[in-house]
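K.L.:
Starting from these lines, generate the structure:
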Amino acid sequence: MKSNLITRAGKEALQQELDYLWREKRPQVTQAVSEAAALGDRSENAEYKEGKRELRSIDRRVRFLRKRLEVLKVVEYSPEQEGKAFFGAWVELENEDGDMLQCRIVGTDEIDVSKGHITIDSPMARAVIGKSEDDEVVVRTPEGIKVWFINKIQYQPFTQG
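P.N.:
Now for the predicted structure:
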């Protein structure tokens, strides 16, 4: 199941990508394809073929982004959420072994493991949603059941220090 929820920053990032592809990248590639086509025989023209392939790729992504942006619902932060984990929250968890995990609950379009962004549809997020600090959560994973404790919940990024 793919949710249509997104943070404001996530939607703005997708819109920026769409604007860049449509207003900058596509015109550049179109110009390069036109110049390659002017060189003559297109059947053996690698620049032309590569440019056409890139244009198809850009057009596919533009179509996807336009359709996706139409159905996405921005979830705004509300002060009533403080102290509980909901969409957009940064959550710090600790397991029984003392392993720490910091993650942010976001939509499927914003997943970025390097930033700790996990989808609201993930087992971890589903287990954490609605919970408070100091709560224990049980996460069902393919490897089995894992128990985590919620140390911190906030709606601003964790500061490193």
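
K.L.:
Now do the helices in this structure.
P.N.:
For the chain, the helices defined by DSSP state H cover 8-20, 26-37, 46-71, 123-128.

K.L.:
now for the longest one, which elements pack on it?
P.N.:
Looking back up the chat, that one is helix 46-71. Contacts defined by 3 or more CB pairs under 8 Å, 6 or more residues apart in numbering; DSSP states H and E place helix 46-71 against helix 8-20, helix 26-37. Bear in mind the C-beta positions are built from the backbone N, C-alpha and C, glycine included.

K.L.:
Which of those has the lowest mean pLDDT?
P.N.:
Note on the helices and strands packed on helix 46-71: helix 26-37 shows the lowest mean pLDDT, a mean of 92.

K.L.:
Tell me which other helices or strands that helix touches.
P.N.:
Partner elements for helix 26-37 (3+ CB pairs under 8 Å, 6+ apart): helix 46-71.

K.L.:
Next up, the contacts around the most centrally placed residue in the chain.
P.N.:
With distances taken as CA atoms, centre = their mean, E110 lies nearest the centre of the chain, 1.2 Å away. E110 makes contacts with 6-7, 10, 13, 117, 119, as judged by CB atoms under 8 Å, 6 or more residues apart in numbering.

K.L.:
Go again with 6 Å.
P.N.:
Shown in contact with E110 (CB atoms under 6 Å, 6 or more residues apart in numbering): 10, 117.

K.L.:
And it, how far from C103?
P.N.:
To C103, E110 is 12 Å away according to CB to CB, to the nearest Å.

K.L.:
same deal with W148?
P.N.:
10 Å.
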